[in-house]
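# Just to be clear, the model below is a prediction. Sequence and coordinates:
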Amino acid sequence: MKYFSPLLFLFLPLQILAQSEPTGEEIINKFIEAIGGEKRLKKIKSVRMITKGGSESLGVNSTMYSYRKFPNYIRIEICEENDTTINICNNGIGKAIKNGEEKEMDETTLRGLKEETLLFPELYFIEQGYKIHNAGEKPYKLGYYEVELTDPHGNKRINYYNVDSGLLYLSRDLETRTSTYYTHYKEFNKVLIPTVAVMEVGIHQLRFVTEVYEANMKIEESLFRIESK
């Protein structure tokens, strides 16, 4: 008769947990599959969105019109009661216009626009030089995996993905100290998109709802034109 030490059963659950804990890349890949899969996402080459929302505490109410064309173009128009701001990124070059007057675009905004030109940036994290790892020893709040993302410039953010669905729930930007919650995923063009985003900036909260999401329509490149000085 073989003898099994009781200590074996003490360590076995820990071994199973260590083996089953996914890597950061595996969590990102599960998210990609959850929203439609790599093959389907890469078929989308252009996107037009209309998003509305704002913040009661800040007295902000806006409508955003965004146009994205893979892989180098994005234009976002933010229309408020008395102001209109336009941010454009064309092949890595940024331009900001406020009420018809050109303004200097800060580096953080430009980096964000560059990432968004990829439409689904998660597909290109490795190619872009991101460092990805599972930052939590166990699922965050017993339901979310915690993934630390470090971009090529050293800026970090922590993303939280639902353990069961694989969907992104929360993203904390450690550079800007903002947190954005993503909910109410809906299917557009056979791809799941979060239609509600709630951003926390200090004590303020901004809520935005995507009302229109159209993919693969023709977008004129003149929308992204940046005149040389």
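Perfect, thanks for sending it.

# quick one: least confident helix or strand in this structure?
Ranked by mean pLDDT, DSSP states H and E, the helix or strand of the chain with the weakest confidence is helix 6-20, at a mean of 48.

# Could you look up the next helix or strand downstream of that helix?
Moving toward the C-terminus from helix 6-20, the next helix or strand (DSSP states H and E) is helix 24-35.

# How much space separates the residue lying closest to E81 once chain neighbours are set aside from G24?
Distance criterion C-beta to C-beta, 6 or more residues apart in numbering; nearest residue to E81, sequence neighbours excluded, is N61 at 6.9 Å. To be clear about C-beta, it is placed using only N, CA and C from the backbone, and glycine gets the same treatment. Taking C-beta to C-beta, to the nearest Å as the measure, N61 falls 37 Å from G24.

# These two - which one has more neighbours?
G24 (21 against 13; other C-beta atoms under 10 Å).

# contacting residues for that one?
By C-beta atoms under 8 Å, 6 or more residues apart in numbering, G24 lies in contact with 132-135, 147-149.

# and of those residues, the nearest to Y73?
The shortest separation between Y73 and any of these is 23.6 Å, and it belongs to L149 (by C-beta to C-beta).

# The helix or strand harbouring the closest one vs helix 24-35, what angle?
Element membership for L149, per DSSP H and E: strand 144-150. For strand 144-150 against helix 24-35, the angle between stretch directions is 110 degrees (axes from the mean of the first three to the mean of the last three C-alpha atoms, to 10 degrees).

# what about stretch 91-107, how long is it end to end?
The stretch stretch 91-107 measures 15 Å between its terminal residues, going by C-alpha to C-alpha, to the nearest Å.

# Please disregard the earlier target; I meant stretch 147-165.
End-to-end for stretch 147-165, by C-alpha to C-alpha: 15 Å.

# Kindly provide the whole-number mean pLDDT of that stretch.
Averaging pLDDT along stretch 147-165 gives 95.

# residues making contact with that stretch?
Residues from elsewhere that reach stretch 147-165 (C-beta under 8 Å, 6+ apart): 24, 27-28, 30-31, 34, 111, 125, 128-135, 139-140, 143-146, 167-175.

# Give me the distance between S57 and Q205.
Using C-beta to C-beta, we find S57 at a distance of 7 Å from Q205.

# Between these two, which is the more surrounded one?
Counting neighbours by other C-beta under 10 Å for S57 and for Q205 shows that Q205 has the greater number, 15 against 12.

# Run through the bridge partners of that one.
As for beta bridges, Q205 partners with E200 under DSSP bridges.

# Same check on K95?
I88.

# Pretty sure it sits against M105.
Yes. Counting by C-beta atoms under 8 Å, M105 is a contact partner of K95 at 6.5 Å.

# Find residues that contact each of the two.
Shared contacts of K95 and M105, defined by C-beta under 8 Å, 6+ apart, are found at N87.

# more crowded one of the two?
Neighbours around K95 and M105, counted as other C-beta under 10 Å, are more numerous at K95. The numbers are 20 against 17.

# No further questions, thank you.
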